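Student: Here is the input, now give the coordinates:
(one chain, ligands or ions: 2)
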Amino acid sequence: MIPLNRHGPAILLRKLRRWLEPDLDPARAARVFAEFDDERGYGAWHARCQAALSRPLPSRATPGPVVTAGFTALEVMSAGRARQLLEMVSAEQSVARLKRDSAKLEGYDLGDPTLVGQLLEAALTPTVDEHCLEFFRSEYFVYWYTLSRTAPGDAPASVSFMWHCDKGPRAHLKLLVYLNDYQEHGGGTAYLDLDGSEAVARSGYVFARGRRRTGSLERLAALAGRPLSAYDHHPRAGDAVLFQPARVLHSGLTPRHGPRYVLTLCLLPSPVPWRAALARGAHIDLRDDPIWHDHARDLAPRLAAGA
Ligand SMILES: O=C(O)CCC(=O)C(=O)O
Ligand SMILES: [Fe+2]
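Tutor: Ligands and ions are numbered 1, 2, ... in the order given. Purely as a prediction, here's the structure:
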């Protein structure tokens, strides 16, 4: 649906342009990254945040998995804590739309700042922090957060449940925190490592229109011209996957027999630590804002002290 607000015409134009694009376009991924990182300033923003870093980088003997493979699975909280947080969020509210232009993504309103603080404190553990710091080589902030509920079904719940990369700057991370167990729903998320993802990307598959996505790993392997093995994350309540969503192919695994609850954090480089950014209200709300600012310089006022 095209919203009838000031963003409507720009969204309509983007959709029309997308209709005319070829399905496989080997130059598309580089074009998308050049658009975000060079034209829209996200590369310069990252460099500026790196220059502002005032704590030491983690000292590892070898680069960690978020850098080398593009993702890592971690236990961030106990199953009990995950259940408790989910109960706190879902108490006295029903599911609502999470994104202004999609009826497919449903979840809970996170309007209570205290509760948001508790969710983020539980999700962004010292280990997650270390991986983020290693990847960004800068501070980072929570650009947006959602708590989604995906109903069980036999067909992909949305285009996120087909193989894709998320459009955006190279330097961004997502943390998916699974708040209930595989036993309860039979869903999760599948990930391909950077190597496999790049082999597929060379075919021109990445960043095509949503309706052109495939749910088949065999199809991806045919595009890559070599066998691929995916990591199917069947979550335990309270675990998480931290990944590079623009570069790692991933696909939600549609829950089969119960709703799947996921807290998603989108992380971007920041000149200040995430707690300070949160206190300054730096995050956007996907219900009102387009996902990406037209230019990264527009992030600066959100993160400025006294904003
Ligand atoms: O819901 C999922 O498992 C995948 C969602 C996804 O594609 C994303 O958060 O970028
Ligand atoms: Fe995604």
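
Student: which regions of the protein lie under the pLDDT threshold?
Tutor: Within the chain, the stretches with pLDDT under 70 are 1-4, 100-101, 306-307.

Student: let's see 90
Tutor: Applying pLDDT under 90 to the chain picks out residues 1-23, 58-61, 90-106, 108-109, 111, 157, 209-212, 286-290, 304-307.

Student: Now do the same contact list for the spatially most central residue of it.
Tutor: The residue lying closest to the centre of the chain (C-alpha atoms, centre = their mean) is residue 174, at 3.7 Å. Going by C-beta atoms under 8 Å, 6 or more residues apart in numbering, residue 174 touches 166, 242, 243, 245, 264, 265, 266, 267. Heads up, the C-betas are built off the backbone N, CA and C, glycines and all.

Student: Quickly list what the nearest residue to residue 250 once chain neighbours are set aside is bridged to.
Tutor: Of all residues not flanking residue 250 in the chain, residue 191 sits nearest, at 4.9 Å (C-beta to C-beta, 6 or more residues apart in numbering). Listed beta-bridge partners, residue 191: residue 231, residue 250 (assigned using DSSP bridges).

Student: What sits closest to the residue nearest to the centre of the chain if chain neighbours are left out?
Tutor: Per C-beta to C-beta, 6+ apart, closest to residue 174 is residue 245, 4.5 Å.

Student: now do residue 208
Tutor: residue 23 (5.4 Å).

Student: how about the helices in the stretch 51-200 of the chain?
Tutor: Per DSSP state H, counting those that start in this stretch, the stretch 51-200 of the chain carries helices over the ranges 65-68, 79-90, 113-123, 126-136, 182-185, 194-201.

Student: Measure how the helix or strand following the last one sits relative to helix 194-201, angle-wise.
Tutor: In this case it means helix 194-201. Per DSSP states H and E, the first helix or strand lying C-terminal to helix 194-201 is helix 217-224. Put simply, helix 217-224 runs at 70 degrees to helix 194-201, going by axes from the mean of the first three to the mean of the last three C-alpha atoms, to 10 degrees.

Student: which strands and helices sit next to helix 217-224?
Tutor: For helix 217-224, the packing partners by 3 or more C-beta pairs under 8 Å, 6 or more residues apart in numbering; DSSP states H and E come out as helix 194-201.

Student: Is ligand 1 within reach of the helix it packs on?
Tutor: No - if you take C-beta under 6 Å from any ligand atom as the test, helix 194-201 misses ligand 1, and the best it gets is 13.3 Å.

Student: Can you get me the start-to-end distance on stretch 159-167?
Tutor: 13 Å (C-alpha to C-alpha, to the nearest Å).

Student: Show me which positions of stretch 53-73 end up buried.
Tutor: 53, 65, 66, 67, 69, 70, 71, 72, 73 (16 or more other C-beta atoms under 10 Å).

Student: which residues does the residue lying closest to the first one once chain neighbours are set aside contact?
Tutor: This points to residue 53. Among residues not flanking residue 53 along the chain, residue 138 sits closest, at 5.1 Å (C-beta to C-beta, 6+ apart). Contacts for residue 138 (C-beta under 8 Å, 6+ apart) come out as 46, 49, 50, 52, 53, 269, 270, 271.

Student: Tell me the buried residues within those.
Tutor: Taking 16+ other C-beta under 10 Å as the criterion, what is buried in those is 46, 49, 50, 53, 269, 270, 271.

Student: Using a markdown table, please lay out these together with distance to residue 78 and secondary structure.
Tutor: A markdown table is the format used below for the buried ones among the contacts of residue 138 (distance: C-beta to C-beta, whole Å; DSSP: H, G, I helix; E, B strand; the rest coil):
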| residue | distance to residue 78 | secondary structure |
| --- | --- | --- |
| 46 | 34 | helix |
| 49 | 32 | helix |
| 50 | 34 | helix |
| 53 | 32 | coil |
| 269 | 30 | strand |
| 270 | 28 | strand |
| 271 | 33 | coil |
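
Student: tell me which parts of the protein are close to ligand 1?
Tutor: 160, 166, 174, 176, 189, 245, 250, 252, 262, 264.

Student: farthest pair in those?
Tutor: 166 and 262 (14.5 Å; C-beta to C-beta).

Student: Which one of those two is surrounded by more residues?
Tutor: Comparing residue 166 with residue 262 by other C-beta atoms under 10 Å, the one with more neighbours is residue 262, at 22 against 17.
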